[in-house]
Structure formats: structure tokens, C-alpha cells
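1. A predicted structure for the sequence below; I have some questions about it.
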Amino acid sequence: MQNEQKSSNEPNDFLSLQLLIDEIRNEDIQVRLNSMRNLAIIAKALGPDRAKNELIGFITSDCLDDEDEVLLVLSEQLALFPPYLGSEENYAVLLKPLEILCQVEESSVREKSVQSINSILALLPHATTYKLILPLITRLSSGEWFTSRASSCGLFPLAFATSPALSDTLHLLSVFSTLSSDEMPMVRRSSGSSLALVIPHFAPQTGTDSNNSNASNNNSYSLLHSHVLPIFLSLSKDDQDSVRLLIIPCCISLSRLFNSNSSTGNKECREHVLPIVKNCGKDESWRVRYMLADNFIDLVNSMGADITVSELIPIFVSLLQDSESEVRTAASFKVAGVSALIPLDLAISKILPCLKDLCADGSKHARAALASVIMGLAPIYGAEKTIEHLLPLFVILLKDDFPEVRLNVIGKLAQVNKVIGVEKLSASLLPAIVDLAEDRQWRVRLAIIEYIPLLAQQLGVEFFDDKLGNLCMTWLGDSVYSIREAATKNLRELTKVFGVEWAEVHIIPRVLGLYTHPNYLYRMTTLFAIAALSETVGAEVVQKSMLPLVMKMADDPVPNIRFNVAKTMGVMIKVLRDAGGITPDLKDRVKAVLGRLYEDKDRDVKFYAAQAMSAL
């Protein structure tokens, strides 16, 4: 029975493989991509033996000379093969195609291939992994083209992790050192990327007092100083900034390793790591300084409080004052994180003055970065210091010309609200918000309207009703159409924030009350607001409160009002229909009103009335 089942599956397996072959040879790259994405599925269908002997062989011989997009998918798929190859001893067949992919010109394909090799070999016992990875490193590191040598660097962390003896580790260090001084910057860059992952493998082991463990610890520390640190120093002095910037993650790894030894960690960090960090802080390339700023919080955590207070904070201040806006922006993002890790008096005396300058920085991106984190300083500073030092900065940023700056401040007011309370917050920031809401430039008013729902969500319904409710209704009568339009959308968003019951009490009566206003623009705004609110408040409110009023406005003397009545009725009809239909009595009354509008002399009124009737 099993043989019959096996033979019945063979044609399907054969067809799957044949179809794969046909599609991979197709001229259309999209067909080839789709085929590659199904490789793991086909391997599962074929079974371990055929996947190993036929599919991998076909991939190696026919699939490795293709477009980069196809090769990238192939390198991803090969990492998914192990579960479908049976025993672990079959995994080695995957290394041959991946080794070839490690030598292609496209860096993304090489990186993915290295990642796949590491993930496959990590599934094996350490002894087997090292037995397979060593010859792979040897071949790639001695390749004629830089591509293979660059790829070999990504295999060293796993090789050091599985190295069985001191002699093997020494051999790996020798090869890695050669790569770190390669004539090609791309190879040195790859070695710099891997060095940060290599360093932790030389940490002393803890948890045992055996003689073997002590000897191993001594060997690890000895090799760290004799072989790893020279590589670290060499890369830190490289003439290519793309290599030097990769030394920052290495500094973090080294600091963590040194500080794992509480007795000598501080001394070794000062001796070996701190000089490199200082050099990076004044490096002639802004990219290196940017990398330092971007990783500064991790650096502070790794080097410890003593070095941070005495040495790192002056470096951070220089980054906040850097001549390049990209560096200032990266450093600004770290302001709250760094301030949380140092004494408050130091943050106020050293970092706060930089924040005052950054609030007026010439780069809008630096100001936006600061605005995104400055509210997070409130819990660190406490209520008194926040009111004294930070609130004036919040006001400056709230009045910034760049919308993202204002949005970042308003979006995180809740953090300040929790520290100083809504009363103090409103006393300081509300006047600035009101000033902006009444600004002579309509675009400034428009920007504030867009932030009101977010502000309401941050500060709560009671505060909003007390301080901002009247302001929102005032915008409905603004002289600029864009403001009135935005005000109606604002009411809809506020209803979503506070709920329909709140809208029935605080918004809808005031909106409906405008329908008798002598100025037709106010009456028009009533219709816009009803149309905007209809979908949010639901069918019951529409039928009970809104539709009767709109039907009254069908006799307005201004044609613009009448055709907007027809448009608004079309919106409400859709809401009522979607909610379960319209009663016959209501339908008759609506038809009567729309019929009168359809007979109107104004053609726009007739047109929209016809549209509304078709919706009915």
C-alpha cells in the first residue's frame, strides 16, 4: 500500500520539479522570482533524498547566474531547507550554492547568503559547525575578488563561538587580522562590522572555579589584548570614514566586556576605549560623529557612571553643538535617554543650555528631533524643575514654524501633564495655543486646528470643555473657507475622541443653532458640519436631530445653501440606509423636499437633488 502511494506521488513530485525548472528558465523575471519563493515548498514535497540530490544540484548548476533580485530570494529560501533535508549530515549540501552566492557583486545578496550560512550551521553541534565553517572561511578569505573576502568576515563570530582549541582560535585571529588590514575598504568595513560580534567571545567565563576555567579565562583575556585590541586600534585609525564609523559598536562591545570584570573594568575602559571615543567625537568626518551620537545611550550604559559623568557628557555636549545638522539631530534624539542616566544637576548645568540653543536651531529636523523627546524630560526633572526650566522651551517649540515640531510637542503633552498637572500646564501652554489659534495668518490657524483632536485626547474632556470648546466653535465662523472646512472635520474627530453622547450635549446643539444666522456662510457651515458628523454620530441622531433641520433649510433664499442641502441630504440618506433602511413616512417627507429642490430654477440645485433622490 505504501509503495502504491509512493508511486502515485512520484508524477506530482516530478511535475513540481519540472515546472520549477521551466519557470526558473523563463525570460520573465517576475515568473522566476515567484518560482524561487516556492523553493522550500518544493523541497518539502520532493522529500529529503530528492531535495538533496536533485533540487540542490539543479540550483547549484542552473540558478546562480541570474538577476540580483532572484539571487536574493534564493539565498533566503536556502536557509529554510534544513527541516526538509532529513538528518543533519545533509545540511552541508546547502553550503556550496551559498558559498557561490557569497562571491557575487551585489552586497545585499552576499549579506543574506552569509546570514543563511550562519543560521544553517547554528543548527549543528559545535564540533560539526567548526569542521564545516573553517574550510569555508579559508576558501572565501583567500579569494581573488574582494567580494569573497568581505563575505568571509561575517562567518567569524560563529567560528570563534565554536572554536574547539586555543590553536584554532589563534589561526582564526590570524586570518581575521589579515582581513582587517585588507587593501580593499569594503573588506575592512566588513571586518569592522564583525568585530563588534567577535569581541564578546573573548569575555572571561564566570560561574566556576576550576583550574580549566581559570586557564581559559587567562587565555581569553590574553588573546583579547594581544590580538583583538590591535585589530580594534587599526580599524579606528583607518583612512576611510566608512570603516572608522563601525568602531563605535566595537567600543560598546569592549566596554561591556571590560566592565564584566568589576575590579579592572573602569581602568581598562579608560585605557583602551575612552581615547577612541574621544577621537570619534572630534573626527573630521561628520558620519563618524553621527554614528557616535546615534549610539550614545548604549555607550553610556556600557562604560559606566563614573566615566560618563567625567568624560562622556562633555563629548555629548559637543555633539549637541556640532557644526553639522545631521549630528545635532542624532544627538537631540538621545537627550532624554542620556539625561535619565546622569545626575539631575549635571543634566541641568551641561545639557539644558544646549537645549535652549537647539530650540532656535537653523535645522528644522534638529528642532523636530528635540521636540520628539523633550517632553520626556519632565519625569526626569520633576514638577518644580520642569516648570522652571522646561515649560519656556515647550512654548518656543509650540510656536515653531515647522509643523512636525508643533505636532511632536502637542502629541506628548500627556507626559508633562502627569508631572505638573493640567492646571499648571494650561496656564503655561494654553495661552500659546490660543495665540496660534487666533493668529492673523490663516495657515497657522489651520495647523492648530489639525492638532486639536490630539490635544483633546492628551488633556481630557473636562479640560477641553472648559478651555478649548468655545475656540472650536469660533472657527466655524472664520472668514477663510479652509478654516471653516477644517473646523467641521475637527468636530467629527472630537466626536470620535469623546463619544456621541458628548457631541449631543456640547456640539450638535450649537452647530444646529447656526442655521438661522443672517450670514449665509454660517448657514453653509451648518450643512458642512452636519455632513461631516453624520457618519460618526449614527442614524438615530441623524434622524432625530439633523435631518429635520436640513429639510427646513431647503427653502433658503440662497441657491448655494439649497444645493448644499441636497448634497447633505444625500449623505444622511446613505447613513440611514446603511443602518437598516428608512421608514415609509420619512421616505415620503424626504422625497417631497428633494422633489421641490429638483424643480428649482438653479441647475446646480437640480443636479444635487437628482443625485440625492437616486441614493434614496
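-> Done, it's in.
2. which SSE is Leu123 in?
-> Assigned by DSSP states H and E, Leu123 belongs to no helix or strand.
3. what's around the nearest residue to it once chain neighbours are set aside, how many residues?
-> Nearest residue to Leu123, sequence neighbours excluded (C-beta to C-beta, 6 or more residues apart in numbering): Pro82, at 5.8 Å. The C-beta positions use only the backbone N, C-alpha and C, and glycine is treated the same way. The number of residues packed near Pro82 is 18, by other C-beta atoms under 10 Å.
4. again with the one 5 residues further on
-> When neighbours are defined as other C-beta under 10 Å, Ser87 has 8 of them.
5. got the contact list for it?
-> Pro48 (C-beta atoms under 8 Å, 6 or more residues apart in numbering).
6. and the gap between the residue nearest to Leu123 and Ala122?
-> Distance, Pro82 to Ala122, by C-beta to C-beta, to the nearest Å: 10 Å.
7. what does Leu172 give?
-> 17 Å.
8. Looking at the two, which one has more neighbours?
-> Higher neighbour count among Leu172 and Ala122: Leu172, with 23 against 12, using other C-beta under 10 Å.
9. quick one: which helix or strand includes that one?
-> helix 166-180.
10. Looks like the residue nearest to Leu123 contacts Ala92 (just checking).
-> No. Applying C-beta atoms under 8 Å as the test, Pro82 and Ala92 come out as separate, 10.8 Å apart.
11. Show me what counts as buried in the host helix or strand of Pro135.
-> Taking DSSP H and E as the criterion, Pro135 maps to helix 126-141. Buried positions in helix 126-141, judged by neighbour count with 16 or more other C-beta atoms under 10 Å: 128-130, 132-134, 136-137, 140-141.
12. Between these, which sits nearest Asn417?
-> Of all the buried residues of helix 126-141, Thr129 has the smallest distance to Asn417: 54.3 Å, by C-beta to C-beta.
13. My guess is that closest one contacts Ser163. True?
-> No. If you go by C-beta under 8 Å, Thr129 and Ser163 don't touch, sitting 9.9 Å apart.
14. hmm, back to that, just the buried positions in whatever helix or strand comes next after the helix holding Leu172, please.
-> Moving toward the C-terminus from helix 166-180, the next helix or strand (DSSP H and E) is helix 185-198. Going by neighbour count (16+ other C-beta under 10 Å), the buried part of helix 185-198 is 185-198.
15. On the pLDDT front, check Asn3 for me.
-> Note on Asn3: pLDDT of 43.
16. contacting residues for Val409?
-> Contact analysis of Val409 by C-beta under 8 Å, 6+ apart lists 371, 374-375, 394, 397-398.
17. Give the next helix or strand downstream of the strand or helix carrying it.
-> Per DSSP H and E, Val409 falls inside helix 403-410. Going down the chain from helix 403-410, the next helix or strand is helix 413-420, by DSSP H and E.
18. Touching that next one from outside, list them.
-> The contact list for helix 413-420, computed with C-beta under 8 Å, 6+ apart, reads 375-376, 378-379, 381-383, 386-387, 390-391, 394, 425, 429, 455, 458-459.
19. Try it again at 7 Å.
-> Residues from elsewhere that reach helix 413-420 (C-beta atoms under 7 Å, 6 or more residues apart in numbering): 375-376, 378-379, 382-383, 386-387, 425, 455, 458-459.
20. Sort out which residues of it are buried, please.
-> 413, 415-417, 419-420.
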